[in-house]
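In: Next come a sequence and a model predicted from it.
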Amino acid sequence: MTANLDASNERAYRIIAATAKLEARQLWSVAATMCLALLPVVVVVAGLWMGISGLITGAQWALDVDGSAWLGIGRWLEVAVGLAGAGYGLFVSVRWIAGLIETWKDRGLPKRPRWRK
């Protein structure tokens with residue numbers, strides 16, 4: 001009888017240890033999933049921040065010409081080309097994301113059952 005209890009206790013301890021390992025793995029999996037879900041948000045915020053700081057820095061650089069009109073014109077042209085490039089990049093990104101969403105919508109993902117309304 002005592003041997004049966006000892007064997008049962010040993011199995012229970014092994015099951016508890018295995019469950020603890022699984023829970024630890026699930027915790028890391030959830031943490032990784034959360035980081036992956038928040039990554040696009042961080043990228044968008046960082047992109048806006050860098051874009052605004054680039055505008056401010058570019059305007060300060062274009063205004064600091066020490067009275068030379070041609071240098072000012074050249075610098076403002078460079079700032080305008082940079083802005084056009086950034087705007088085109090934003091346009092292409094939005095168009096690409098819209099294409100992804102359209103592809104996702106056209107696949108006919110499962111809809112909610114009508115009987116659950």
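Out: Received the coordinates, thanks. Computed from a prediction, not measured in an experiment: that's the story for all the values here.
In: secondary structure class for residue 97?
Out: Secondary structure, DSSP: H, G, I helix; E, B strand; the rest coil: residue 97 is helix.
In: Against residue 23, how distant is it?
Out: Distance of residue 97 to residue 23, computed by Cβ to Cβ, to the nearest Å: 36 Å. All C-beta atoms are positioned from the backbone trio N, CA, C, and that covers glycine.
In: ok, the most centrally placed residue in the chain to residue 9 distance?
Out: By Cα atoms, centre = their mean, the mean C-alpha position of the chain lies nearest to residue 40, the distance being 1.5 Å. Noted for residue 40: a distance of 49 Å to residue 9, by Cβ to Cβ.
In: Check residue 80 too.
Out: 77 Å.
In: Check residue 95 too.
Out: Taking Cβ to Cβ, one finds residue 95 at 64 Å from residue 9.
In: ditto for residue 45
Out: 53 Å.
In: Report all helices and strands that the longest helix along the chain contacts.
Out: Counting residues, the longest helix found in the chain (DSSP state H) is helix 2-63. Here helix 2-63 touches helix 69-106, going by 3 or more Cβ pairs under 8 Å, 6 or more residues apart in numbering; DSSP states H and E.
In: For the helix it packs on, buried residues please.
Out: 75-76, 79 (16 or more other Cβ atoms under 10 Å).
In: Mind picking the one among the residues you listed that's closest to residue 52?
Out: For the buried residues of helix 69-106, the residue nearest residue 52 by Cβ to Cβ is residue 79; the value is 13.8 Å.
In: residues touching that closest one, list them.
Out: 58-59, 61-62 (Cβ atoms under 8 Å, 6 or more residues apart in numbering).
In: Centre of the chain to stretch 81-88, how far?
Out: Remark: stretch 81-88 is offset 23 Å from the chain centroid, using Cα atoms, centre = their mean, to the nearest Å.
In: how near is residue 53 to residue 61?
Out: 12 Å.
In: The two: which has the busier surroundings?
Out: Remark: of residue 53 and residue 61, residue 61 carries more neighbours, 13 against 10, as counted by other Cβ atoms under 10 Å.
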